[in-house]
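**Student:** Please work out how this folds:
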Amino acid sequence: MSNVFKLLMIIRHTKYTHEKWLNVICGIVILRYTANIFSFFINIGVLGIIISTILSIVVAVICIVIFTLIKSVITHRIEKKNLYKLKEDAPAEMIDMIEMDKSRIESKRLGRNMAIASALMMIIAYIAFWMLMANVYDGDNGILIGAALILIVSPFIISSSIMGKKKWALDKNYKEFFEKSVINKVLESVFDVKEFNRWKGFEKNIVDDLKIFPQFDHYRGEDYLSARYKETDFVQSDVYLSRDEERRRTDKKGNTRIEIVSVTVFRGRLVIVDYDAISDEPVYVHDKRIKNTRTIIETESGSFNDRFAIEAGSSLSAMRILKPQVLEGILTASNKLNCSMSMVFKDDKIYMAINSGDSFVSENYGGSIFEHEERIKKDVQIIIDLIDSIYLK
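**Tutor:** Sure, this is the predicted structure:
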């Protein structure tokens, strides 16, 4: 198992040594060509500087594309080799995950090949068009040129369609496996899961009524989870909030126009935990990093007052709930999460807004399936830490 662990560590790190060296070489090549271009055109004056800048940008883009493709090919081979080694020493329960990670790598390869095919098709079609225009076009044979171009690009279109269909099937199987064998497995190992729905979120009116979020115009929710941990029932969902803001843009001629830009104001999750509160009056605990609210009710904890602002009908109703051990629990949870967190105690529940900046689960292809499994375990640990730190009866 030690060999399996070592290979898993290799797979989890997406940055390989060859990637760093290729980045350095790419930078050197770009600088070398840029220096040559500027030295050749610099004597022309301002026009030479403009031409040199344009050509340098073109060279840089070409170099970056070429070196990115080289890195992708080498990384693909390394990942595949690591998976084959891993499979030799892996226990039986990991075989399916290894095979599925192979399909993830294959999907990335197909995506890369589709991008290459599209780029080659455009380049070849462009060259062929001008060659045909120079040697064939006489005003009457436009149809012939069009037919010739269609014949030239057809193989690229057909091959891209075949690769796209195969990639779609691989992605579909991977997502289904990821949800059933990774997400559900991690959740069920810790919680008594009642419902988990990737595409469901809280109703918007719940988020609106809480008054612990920044002002927003647009709301989206997903990754709804209803479960029980120890003796505590809870529900949670990812929350994405954005606000439309006006931005003034001034062009080179001095003309000013107003653009509406969508700005993210909250990206994290809302966790709702059953809580037998002593008081029925709502008590709000605002993290000043989420919602800058003036502190009206002070506690005896200076650390708590520096980070949070309390809003309640009276100091008495607030202190009935926010006893010293509860304040300590909130601070402990906030320190463990390492992100801003606001909450409200009302209707025998705690509503906790965690501005973690990420989603609860994601099958993004940027890492291996094992890497995503570890990340989901950490996200689950966030919920456990919250309940263990704050849930006090």
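
**Student:** Show me where this protein has its helices.
**Tutor:** Under the criterion DSSP state H, the chain contains helices at 2-12, 17-41, 46-89, 92-135, 142-177, 184-190, 204-210, 302-307, 315-321, 324-337, 369-390.

**Student:** mind putting those helices in JSON lines, distance to residue 286 and mean neighbour count included?
**Tutor:** C-beta coordinates here come from the backbone N, C-alpha and C atoms, glycine included. Shown next, in JSON lines, are the helices of the chain (distance: least, CB to CB, whole Å; neighbours: other CB atoms under 10 Å):
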{"stretch": "helix 2-12", "distance to residue 286": "37", "mean neighbour count": "14"}
{"stretch": "helix 17-41", "distance to residue 286": "43", "mean neighbour count": "14"}
{"stretch": "helix 46-89", "distance to residue 286": "45", "mean neighbour count": "15"}
{"stretch": "helix 92-135", "distance to residue 286": "41", "mean neighbour count": "15"}
{"stretch": "helix 142-177", "distance to residue 286": "38", "mean neighbour count": "14"}
{"stretch": "helix 184-190", "distance to residue 286": "30", "mean neighbour count": "15"}
{"stretch": "helix 204-210", "distance to residue 286": "11", "mean neighbour count": "14"}
{"stretch": "helix 302-307", "distance to residue 286": "10", "mean neighbour count": "14"}
{"stretch": "helix 315-321", "distance to residue 286": "12", "mean neighbour count": "17"}
{"stretch": "helix 324-337", "distance to residue 286": "12", "mean neighbour count": "17"}
{"stretch": "helix 369-390", "distance to residue 286": "16", "mean neighbour count": "18"}
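
**Student:** between the ones you listed, which one is nearest to residue 254?
**Tutor:** Set against residue 254 and scored by CB to CB, these come closest in helix 46-89, at 22.1 Å.

**Student:** the inter-axis angle of the closest one versus helix 17-41?
**Tutor:** Orientation check (axes from the mean of the first three to the mean of the last three CA atoms, to 10 degrees): helix 46-89 against helix 17-41 gives 170 degrees.

**Student:** Give me the mean pLDDT for helix 46-89.
**Tutor:** For helix 46-89, the mean pLDDT works out to 75.

**Student:** just so I know, which of the helices of the chain lies nearest residue 252?
**Tutor:** helix 46-89 (15.0 Å).

**Student:** Same list, the helices of the chain, but as a markdown table with distance to residue 261 please.
**Tutor:** Output for the helices of the chain, formatted as a markdown table (distance: least, CB to CB, whole Å):
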| stretch | distance to residue 261 |
| --- | --- |
| helix 2-12 | 36 |
| helix 17-41 | 32 |
| helix 46-89 | 26 |
| helix 92-135 | 29 |
| helix 142-177 | 31 |
| helix 184-190 | 37 |
| helix 204-210 | 22 |
| helix 302-307 | 30 |
| helix 315-321 | 38 |
| helix 324-337 | 29 |
| helix 369-390 | 30 |
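
**Student:** Quick one: closest of these to residue 256.
**Tutor:** When these are compared by CB to CB, helix 46-89 sits nearest residue 256, at 26.6 Å.

**Student:** Who are the packing partners of that closest one?
**Tutor:** Packing partners of helix 46-89 (3 or more CB pairs under 8 Å, 6 or more residues apart in numbering; DSSP states H and E): helix 2-12, helix 17-41, helix 92-135.

**Student:** Would you mind giving those as a markdown table with distance to residue 308 added?
**Tutor:** Shown next, in a markdown table, are these (distance: least, CB to CB, whole Å):
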| stretch | distance to residue 308 |
| --- | --- |
| helix 2-12 | 36 |
| helix 17-41 | 43 |
| helix 92-135 | 42 |
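
**Student:** between the ones you listed, which one is nearest to residue 271?
**Tutor:** helix 2-12 (27.2 Å).

**Student:** how much space between residue 210 and residue 267?
**Tutor:** Distance, residue 210 to residue 267, by CB to CB, to the nearest Å: 16 Å.

**Student:** ugh, typo on my part, it should be residue 199
**Tutor:** From residue 199 to residue 267 the distance is 18 Å (CB to CB).

**Student:** So those two - more neighbours on which side?
**Tutor:** residue 267 (16 against 8; other CB atoms under 10 Å).

**Student:** wouldn't that one be in contact with residue 357 here?
**Tutor:** Yes. In terms of CB atoms under 8 Å, residue 267 counts as a neighbour of residue 357; the distance is 5.3 Å.

**Student:** what about stretch 306-318, start to end distance?
**Tutor:** Counting by CA to CA, to the nearest Å, you get 17 Å between the two ends of stretch 306-318.

**Student:** cool, and stretch 172-181?
**Tutor:** Note: stretch 172-181 ends 14 Å apart using CA to CA.

**Student:** Then stretch 352-368?
**Tutor:** 31 Å.

**Student:** got a pLDDT number for residue 161?
**Tutor:** As predicted, residue 161 sits at a pLDDT of 87.

**Student:** Over to the one 4 residues further on?
**Tutor:** If you check residue 165, the pLDDT there is 89.
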